[in-house]
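Asker: let me see the structure of the following:
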Amino acid sequence: METNIIQTLRFLASANNDERSAAEKNLSSCMESDPSGTNLSLIRVALKDSVELDIKQASLLVLKRFVPKYWSMGFQSFVGPPIDQAVKQEIRASLLQLLSDPSSKIRSSTSYAIVQIAVVDYPDEWPSLLNDLYELTNSPNRRYYTILGGLKVLHDLFDDLVTDEQFFEQGVGLAVMKHCQQLLADRDIPIELKTDTLKLLLSCIRQLQGPEIHDNDNRVLMVKEIIPELVNIICSFLQEFSSEKFLDLINVQSYKAELYRILNVIANEFSWIFLKVNLQLASQLLPLIIKELSILEPVCTSLIIETKNSAGITSVFRDYDSFKEVNIEDSDPLKVIKDELSEQLSLLGTLSEFSKISSLEDQSCFYTLLDTLTKLAVIPQDVEEIWESDFNEFVTTETGMSIDFSIRSEILDFLSNLNKIDSSFLTCTLLDRYTPHATELANNPSEILHDLKVKESTVFLLEGCFVNESEGKKINHTLSSTLEAFLNTIKLYFDNGVFDSASFNLYICRIILIIPRFLEKFQVNIDHISFGVYALREIFTIKANKPVTNELIDASILISFTYLNHFIPSSKFETDIQYGLLNIVSSLVEDSEEDTNTVLLEALSIIINIDIQRLNSAPDAATLQLIYSITYKDPSNYQAILSAKECLADLLSGISLENYMNHCSKGLPIVLETITSSLSKTLEYSPELNLSLELLTNFIQQAPKNELPASVFSAIFSPLTKLILSVSDDQILQSSSEVFNALLKQASHLVSQYSSEDGESGVEMTIKVISKFLSPELSDSAILNLGDLIITLITYFKDQNIVNKYLETILKSVTVRLSVTKELVTIENLVLIFSTLTLISPEETLDFLTNFTINDEHGEKKSALYIILPIWFNVFEIVRGYEQIITNVKAFIAIFKLGDMRIDEMIVNGDLIVDPNVDPDLIITRSMAKKIPTRFQQITASLKILKLLINELKFQCKQLDTKSIIERSIDVDKVVAAGGGDLGQDNDDTEGWEDLEDVGIPSYEKLKSYIDNDEHRGYDSDSDNDKTNAGDEALKDLLKSFFRDCAVHNIGKFGELYPKLNEEEKKVLTEYVVFDS
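Answerer: Below you'll find the model as predicted:
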């Protein structure tokens, strides 16, 4: 059979489709008829030394594919019959044997198969697995590949299999970590194996963390014993390899990267233990890390900053071949170097919180670090070339949208999070270096091209310090003169520069970009608004005197402007600056791509607001054309669409009718042409069509005085209606329904007056559109806005005869659709229909739902009220948006006040019943949850409404309490920082809490009496004053007022329901209705 399997595996890799299909059928047939024999043959083929490598690997891949189907019922995809126990045992043993294979591909595939089987077999069916793996990693005969294979499986097992109980209480964690320490201490084991050992050790360390650890004293004790020991061991290993002589060994660098990674995890996740190992540990490690950075810098400069090719890699690392053999899946040494550097910087930042770098005994450490960072922050040559050829890449990086890992981004992260003392010291030092340089250049312009890369790097570091959010300390430099130095540098370089040099241009860019960072950092010490406006004006003046077109510099000006807007309102900039910025946007549009389009539109939104009226009164509507030019070139860019809509909304805000019509004449033809042309195509969706619909919404919503001109309405209504009735794409239906709803709201009288060429009225066409969205064939996503459409129909067209004729049918269809809808957002939207109807007439809404039946989830006929109300209850607590929330709250209050017998008698799910047999600390997985029945208390709908409203009151009050606590905590921090104040003395606010403790949980009569006697609060409990209709009343006050009325006047039989509330709910009413003012 093995010969047949080998032949089949060969055919599976054949380029001939027929041979491949036949082999697949043959394999499936063998599996179905004899899964035990077929899988046994596969594993035996993998063990044969005479079989070529690709066939051995293929046998393991096929094994992995079919194990879930035939191994055991533990797999969800199991179909059977199951593999024999004896065969399973041989497969397990063979897989362990294959871990010693010299091929990393075989070891990797084997590890995957072992973990796959262990998920269902360990520990019951494979109790010896961990011991087997320990033995493999300790094997005296097959050291190298056996240890590698064993370590990989152990690492993968910890990620997927070992539970907390096994790790802590059953001793698995301690045993594995001790085993790791033994391997790390063994000098006969190659360092690349120790690197894999460290990865396993890190998996163990990660299992030590987590808040639940502190709930178990034995686990806490274990952590306290293990962490200090690990810190000492890891630090000793770092000391051992801290030398330049290891610089040409990439395996050593990979090993050190893992050492730093472990220290980082310990320092950040176990800081409560970390420094207890040695109070001087941080101050001892800081010089070591700084030294390590300086040692690593020449390699980074050589491989990453100056060059990036395989020849350079092999010449730098003499053990590259062995590294590549072991790390075949991740064999990029540049990534190792970057990872090591990243971990070093991260640890350096963490440790500096405990021991300041600038306060180290050896002061030279600080300057060594600064010099090293300056060299490391130089723009790599290949990056500079990319930016020069494509400014879009520069924009993506500078705006923080790049996902690529870079040394500069790591340095920026380090500087922006550095502690306040070191950051201030570094800022002053860098300014001391920069300011004299600017003065020297003014006296000797011939030096402007000297060391441009280092100059740019220095300013980049300074920018990182300015981005640091610690309070801007007073520096030994006049802030205004520092700003002038920046501007003078720009002027000097513009006057004497060579703009065909990328390094030259990027240095100017960096100076331009640092100015807003500088002003924002020291805004409490300088008139940042005046200086910011002045700086931007000066840059434009300099640029005007030396008209040079350079996309990098123009993009930097635009980005700098957006940064200035973080603390300078757009209205503070002059119109000359507005037009200068618009010219920059226009110049960049032709070559802009992806992220740059978003940046241009975001900047344009700010530019528009400098002087909106001046722009929207322009006869050529140039700004509108600019928005279109950017957006339509990348219509699939979701973020760009959002920014474009914001731009258009700003441009059209407060616009006169004349200017509005001018913009419509320029902007609507493009939009409407896209819509009408789509009607003649079979294409359902296009990004251009979706974008056109999005922009069309803005034109409708921004109509002057909220009245859409008749000519604009006539141009839109017919093609939009035809589009909705003809299209079936979910996204287009969703977008077009939003546009249609806006059109109905802004032009309801025009809809009523409209008549099509076929004699159909606008209202009839509207009902047709709504009928389309009621189609059961449409998805939940497509009808997302159906609720809004029907609410608009009821609000604006309820007096139309044809609406009254079909409204009941429409509402019944909505009810049926709501009963089967699964998408939560759509359910929210449909529920709002019944909220709105309830506020109009709560009793008629209940009557309507009571008077017809629909099928429940089991196919049984029930009154619609008994199906819709539970759905409404379920969605109540997750409705989003203030208006939607308060509408639902008001609707439930209105229903409760009715005291309707139908609500009083309806039984619905209440609180979850906790199973006493289930450990409350047990984490319930999805598979476990299926086996544990979910049960709820059965309560009346009246009580359910009361519970939901109490919970909403609690949530609203807690939000305010949290904000208050945060504000108080800030005050306390200031007192502590000042070293004064008696924190033990509470203010008078605590008296209310003492009263509450004295009161306990009152009965209904006691609650009522407290509120009756609460005259000093001035509450009006007159039930005739229906506060639920006060649209501007805060939600919290609305709920408190409702509960006071209920308590005082026993509304909705509150007195009978109150005793059925749980203790927590009664406490909420007492705390927030009686005592909270």
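
Asker: residue 866 and residue 906, how far apart?
Answerer: Going from residue 866 to residue 906 by Cβ to Cβ, to the nearest Å gives 6 Å. Using the backbone N, CA and C atoms, a C-beta is placed for each residue, glycine as well.

Asker: kindly report the domain assignment for this structure.
Answerer: By the assignment in automatic domain parsing, the chain contains the domains 571-646, 903-912+925-979+989-1075.

Asker: comparing these by mean pLDDT, which bottoms out?
Answerer: The stretch with the lowest mean pLDDT among those is domain 903-912+925-979+989-1075, at a mean of 68.

Asker: check contacts around residue 72.
Answerer: Residue 72 makes contact with 78, 82, 83, 120, 121, 125, according to Cβ atoms under 8 Å, 6 or more residues apart in numbering.

Asker: assign it to helix, strand or coil.
Answerer: Assigned with DSSP: H, G, I helix; E, B strand; the rest coil, residue 72 falls in the coil class.

Asker: per-residue pLDDT, it?
Answerer: Listed pLDDT for residue 72 reads 89.

Asker: distance of it from residue 1041?
Answerer: From residue 72 over to residue 1041 the distance is 62 Å, taken as Cβ to Cβ.

Asker: surely residue 146 meets residue 137?
Answerer: Yes - taking contacts as Cβ atoms under 8 Å, residue 146 lies within contact range of residue 137: 7.3 Å.

Asker: tell me who's in contact with residue 595.
Answerer: By Cβ under 8 Å, 6+ apart, the contact list for residue 595 reads 392, 395, 396, 399, 401.

Asker: let's see it at 10 Å
Answerer: By Cβ atoms under 10 Å, 6 or more residues apart in numbering, the contact list for residue 595 reads 392-393, 395-397, 399-402, 634, 637, 639-640.

Asker: cool, residue 955 as well?
Answerer: The contact partners of residue 955, by Cβ under 10 Å, 6+ apart, come to 877, 885, 1035, 1036, 1039, 1068.

Asker: apply 7 Å and report the result again.
Answerer: Going by Cβ atoms under 7 Å, 6 or more residues apart in numbering, residue 955 touches no other residue.

Asker: again with residue 3
Answerer: With Cβ under 7 Å, 6+ apart, residue 3 has no contacts at all.

Asker: ditto for residue 642
Answerer: Contacts of residue 642 (Cβ under 7 Å, 6+ apart): none.

Asker: what backbone torsions are found at it?
Answerer: phi -60, psi -40 (degrees, to the nearest 10).

Asker: now residue 908
Answerer: phi -130, psi 170.

Asker: thought it was touching residue 944?
Answerer: Yes - Residue 908 is in contact with residue 944 according to Cβ atoms under 7 Å; the separation is 5.2 Å.

Asker: overlap in contacts, those two.
Answerer: In contact with both residue 908 and residue 944: residue 873, using Cβ under 7 Å, 6+ apart.

Asker: what's around residue 146, how many residues?
Answerer: Using other Cβ atoms under 10 Å, residue 146 is surrounded by 22 other residues.

Asker: once you drop chain neighbours, what's closest to it?
Answerer: residue 100 (4.2 Å; Cβ to Cβ, 6 or more residues apart in numbering).

Asker: now residue 369
Answerer: In space, residue 369 comes closest to residue 290 once its chain neighbours are excluded; the distance is 4.8 Å by Cβ to Cβ, 6+ apart.

Asker: and the host helix or strand of that neighbour, which residues are buried?
Answerer: Per DSSP states H and E: residue 290 is located in helix 281-300. Buried residues in helix 281-300, counted by 16 or more other Cβ atoms under 10 Å: 281-283, 285-287, 289-297, 299-300.

Asker: contacts for that helix next, please.
Answerer: Helix 281-300 is contacted by residues 235, 238, 242, 244, 247, 275, 316, 337, 340-341, 344, 347-348, 351-352, 354-355, 357, 360, 362, 365, 368-369, 372, 375-376, 407 when judged by Cβ under 7 Å, 6+ apart.

Asker: of the contacts of residue 72, which is the most crowded?
Answerer: residue 83 (22 neighbours).

Asker: hang on, isn't it packed against residue 39?
Answerer: Yes - at 5.7 Å, residue 83 counts as touching residue 39 under the criterion of Cβ under 7 Å.
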